[in-house]
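Peer 1: Got a sequence here, can you model it:
(one chain, ligands or ions: 2)
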Amino acid sequence: MQDWAGRIRGGERLAIARAATAIENRTPEAEPLLKALFPHTGRATVIGITGPPGAGKSTLVDQLAAQLRARGKRIAIIAVDPSSPFSGGALLGDRIRMQRHHSDEGVFIRSMATRGQMGGLARGTLEMALLMDAAGKEVILVETVGAGQDEVDIARLADVTAVLLAPGMGDDVQAVKAGIMEIADVFVINKADQPGVARLEQDLRAMLSLAPQGKAEAPIVMTVASEGSGVEDALSAILAVRGRKSRDEAGLWKMRLRQMLLDRLIERLPDEELGTAAARVAGREQDPYTALDQLLRRWFGYTG
Ligand SMILES: Nc1nc2c(ncn2[C@@H]2O[C@H](COP(=O)(O)OP(=O)(O)OP(=O)(O)O)[C@@H](O)[C@H]2O)c(=O)[nH]1
Ligand SMILES: [Mg+2]
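Peer 2: Ligands and ions are numbered 1, 2, ... in the order given. Down below sits the predicted model:
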């Protein structure tokens, strides 16, 4: 284990890839490995890129990666592939688009499936980021679709979150739900080559002017990711936020530990048990509170 961890810290690609697979498959090796790696984490900058399906997140991530490489940064890309019908087909496209980085030793790319969880980042995304951090990656780009729970999850993971919008996506600004608004540090209006950009910007500014917590000052950057224009500005805006934001590590870890605790409890509880209890509650044989007490007692040794 120590040897494996050492090779990861040395940036050995094969060792990192094996660890990524262990994390994704939640094999028994993953946890002891992460324990060994943890003291060597905390240095990377994690940038979350989120937004509606098809807004151009992958295209922008690819361009940001190129920019960061040009600045000599070691980077990792974690693409969380939603299992939604929107993006099922985009995965192959992403892979092809990012191919140019594949032969580059300074870039590590990993896709993760959400496996049909309700919203939510793929379990293990935090672990994947910790792995990349320990492996000496200086910047970690995480792409996720902003839908459902994701906005909260990405805030728990990322140091800076960029929300990507694009014109002509139907409900435009409405696609950015209130939750996303709150976690956005930078707004990127992509597809600035398409009609409707000025309106989108107007709507966004109007929305931001009503938002609390100084969101009205959140930078808005225009990009045409497919051509690479505006990408440098987007990166500068993101890194500027990173420079200003004082990192509340304990606050972040409180959110993360809460989620990990929930995950662990759910993991330990056999699904059939939950099903049996649910059937009793549904049949009015038992109230939900008594059912919970019983589950807690039986599976977690809870005596309260
Ligand atoms: N016209 C135009 N098209 C773009 C731009 N950026 C990306 N696209 C195209 O928009 C489509 C979707 O881009 P992606 O980068 O796959 O979008 P995404 O947000 O990652 O999509 P999902 O991962 O499926 O949610 C692709 O066909 C891109 O080539 C842009 O600035 N202008
Ligand atoms: Mg994508």
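Peer 1: for the stretch 51-200 of the chain, what spans make up the helices?
Peer 2: For the stretch 51-200 of the chain, the helices defined by DSSP state H, counting those that start in this stretch cover 57-70, 85-88, 90-97, 99-102, 125-134, 150-157, 178-183, 197-210.
Peer 1: quick one: average pLDDT of the third one?
Peer 2: Here helix 90-97 scores 49 as its mean pLDDT.
Peer 1: next one: the first one
Peer 2: The predicted model gives helix 57-70 an average pLDDT of 94.
Peer 1: pLDDT below threshold where in the stretch 1-150 of the chain?
Peer 2: 81-103, 114-122, 146-150 (pLDDT under 70).
Peer 1: What residues does it have near ligand 2?
Peer 2: Contacts of the stretch 1-150 of the chain with ligand 2, taken as Cβ under 5 Å from the ion, map to Lys57, Ser58. From N, CA and C alone the C-beta is placed, and that goes for glycine too.
Peer 1: So what's the residue count around Phe108?
Peer 2: Neighbourhood size, Phe108 [other Cβ atoms under 10 Å]: 23.
Peer 1: Please report the distance of it from Ile8.
Peer 2: Separation of Phe108 from Ile8 (Cβ to Cβ, to the nearest Å): 11 Å.
Peer 1: repeat for Ala211
Peer 2: Applying Cβ to Cβ to Ala211 and Ile8 gives a distance of 41 Å.
Peer 1: Comparing these two, which shows the higher neighbour count?
Peer 2: The neighbour count for Ala211 versus Ile8, taken as other Cβ under 10 Å, is higher for Ile8 (26 against 14).
Peer 1: buried set for the one helix or strand that one maps to?
Peer 2: Using DSSP states H and E, Ile8 falls within helix 2-9. With burial defined by 16 or more other Cβ atoms under 10 Å, the residues of helix 2-9 counted as buried are Trp4, Ala5, Arg7, Ile8, Arg9.
Peer 1: How about residues contacting it?
Peer 2: Ala15, Ile16, Arg18, Ala19, Leu33, Ala36, Leu37, His40, Leu131, Ala134, Ala135, Gly136 (Cβ atoms under 8 Å, 6 or more residues apart in numbering).
Peer 1: Can you classify the second one as helix, strand or coil?
Peer 2: Secondary structure of Ile16, reduced to three states by DSSP: H, G, I helix; E, B strand; the rest coil: helix.
Peer 1: now do the fourth one
Peer 2: Put simply, Ala19 is helix when judged by three-state DSSP.
Peer 1: Pull up the gap between the residue nearest to it when sequence neighbours are not counted and ligand 2, please.
Peer 2: What sits nearest to Ala19 in space, not counting adjacent residues and going by Cβ to Cβ, 6 or more residues apart in numbering, is Leu131, at 5.4 Å. Leu131 sits 21 Å away from ligand 2, going by Cβ to the ion, to the nearest Å.
Peer 1: which residues touch Leu131?
Peer 2: Ile8, Ile16, Ala19, Ala20, Ile23, Leu34, Leu37.
Peer 1: Correct me if wrong: the fourth one contacts Gly124.
Peer 2: Think Ala20. No. The pair Ala20 / Gly124 is not scored as a contact, 9.2 Å apart, by Cβ atoms under 8 Å.
Peer 1: which of those two has more neighbours?
Peer 2: Ala20 (24 against 20).
Peer 1: Skipping adjacent residues, who's closest to the more buried one in space?
Peer 2: Ala20 sits nearest to Arg110 (Cβ to Cβ, 6+ apart), 5.2 Å away.
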